[in-house]
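J.: need coordinates for the following:
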Amino acid sequence: MKYDICIIGAGILGASTAYQLIKKKSDLKILLLEKENSASFHQTGHNSGVIHSGIYYKPGSYKARNCIQGYQLLIDFCLQHNIPFKNIGKLIVANHDWEIPQMESIYQNGVKNGLQGLQILNSEQIKELEPNVTALKAIHVPQAAIINYKTVVEKLLLISQQNFLDIQYNKTVTEINNNISDIRIHCNDGSEYETSFLINCSGLQTDRITKLAGIKIPYKIIPFKGNYYKLIESKKDIVQKLIYPVPDSRFPFLGIHYTRLMNGDQTLGPNAILAFNREGYTPNSYNFNDIQDILNFPGFWKLIFKFWKTGLNEYRRNYSKEYFAKKASEMTKGIVPSDLLYAGSGIRAQLVDRNGALVEDFVNIRTKNMIHICNAPSPAATAGLAIGQQICDSYFADS
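T.: The predicted structure is shown next:
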């Protein structure tokens, strides 16, 4: 059978895209190929589960627009389909005088992005909301929330399968032949699929899928691993809200933060260290092909040259519970290494250009019969339905 559209990747973006396409035109024959044996296996299933408000992002940027729109679409979808989430709010805390100008800049971004109820709190006001948090100042963000994104993806796929969505698991794409009249996709098990249009939402493998499709891009996915700890039972209620430090504006990472999970656990993390395996979630995991890909890319060495000091600090925090606990105690006093239990890791598909610059915003490539989502950084999970809608609009505008 020839499909109208083939989507590669069954994470939040692939599932949202299928949902939005079928919502627009219910008789589309859509194939969803996933290399793992279930959906949400990689970035979607290993993130912190935060519904971001959009406060960090430069007003008017793709990130800001997507996050604001995606937040509302996601909340509406959850309410419509009884998907549980908790609107617990967030504090972005400044513990040093030099952090306050950056904190105030973040606050202004939030105001310009239309967030409601933002407040800058002094130390006494912070204690009223979170007695165990110590900070000079903080931004209170009322509309930050938590969710299990796997549950969202399951519902998106279930709805889409009621129409003409065909999901095929354990299908690693090995070859893409773009002919005049169709696209033929070959998989590792010898299977072959024919489609009129291809949408690449493959996350950690997106640069490789783009290359298989015959498109050259001046970027490489450099994977960064973030390890999480969870607090022991006696400490897990030390804070009730999401507690974030003021981030370093030079990096797209948000620093170690407290995140309440839907099951009640309290996690701390992540750090951000170079991953030697794009899909290696266990400690010290490595893959020779992934290592070779990293070392052969000139942008990697330029990145290391610019940020080697920051990288060393991240490695120190990764391999020293004492140092990790010390950094956490800057926000809440009394965290000691014995309070921390290893809680797994996630891997961020960080796009880097040949000059060693971290690509922070979304990067999409549209050809006559393909769309490649080359970079979908945080807040891609929050913005998933909005991004899916834009991919849908692009498909119908030019097809």
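J.: now the one helix or strand L385 maps to: buried residues?
T.: Here L385, judged by DSSP states H and E, is contained in helix 384-398. Neighbour-count burial for helix 384-398 flags 384-392, 395 (criterion: 16 or more other C-beta atoms under 10 Å). Quick note: C-beta positions are derived from backbone N, CA and C, even for glycine.
J.: next, format those as TSV and append pLDDT and distance to H42.
T.: Below are the buried residues of helix 384-398 laid out as TSV (pLDDT from 0 to 100; distance: C-beta to C-beta, whole Å):
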residue	pLDDT	distance to H42
G384	96	14
L385	97	19
A386	96	21
I387	95	17
G388	96	17
Q389	96	22
Q390	95	22
I391	96	19
C392	96	23
Y395	95	24
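J.: from these, which is closest to V141?
T.: V141 lies nearest to A386 out of the buried residues of helix 384-398, by C-beta to C-beta, at 19.1 Å.
J.: any idea how far that closest one lies from I185?
T.: Going from A386 to I185 by C-beta to C-beta, to the nearest Å gives 27 Å.
J.: swap in N95?
T.: 51 Å.
J.: of these two, which one has the most company?
T.: I185 (26 against 17; other C-beta atoms under 10 Å).
J.: check contacts around the residue nearest to that one when sequence neighbours are not counted.
T.: In space, and not counting its chain neighbours, I185 is closest to Y193: 4.7 Å by C-beta to C-beta, 6 or more residues apart in numbering. Shown in contact with Y193 (C-beta atoms under 8 Å, 6 or more residues apart in numbering): 3, 6, 31, 33, 168, 184-185, 187.
J.: quick one: which of those residues is nearest L351?
T.: Once C-beta to C-beta is applied, the member of these that ends up nearest L351 is L33, at 21.9 Å.
J.: count of neighbours near that closest one?
T.: Number of residues near L33 (other C-beta under 10 Å) recorded here: 25.
J.: touching, it and V173? I think so.
T.: Yes: with contacts counted by C-beta atoms under 8 Å, L33 reaches V173, the gap being 6.4 Å.
J.: between those two, which contacts overlap?
T.: With C-beta under 8 Å, 6+ apart, L33 and V173 have common neighbours 8, 185, 187.
J.: next up, phi/psi of the last one, please.
T.: Here is the backbone geometry of C187 (degrees, to the nearest 10): phi -120, psi 170.
J.: how about it: what's its closest non-neighbour residue?
T.: What sits nearest to C187 in space, not counting adjacent residues and going by C-beta to C-beta, 6+ apart, is K171, at 4.5 Å.
J.: could you measure from the one you found over to K216?
T.: Using C-beta to C-beta, K171 is found at 25 Å from K216.
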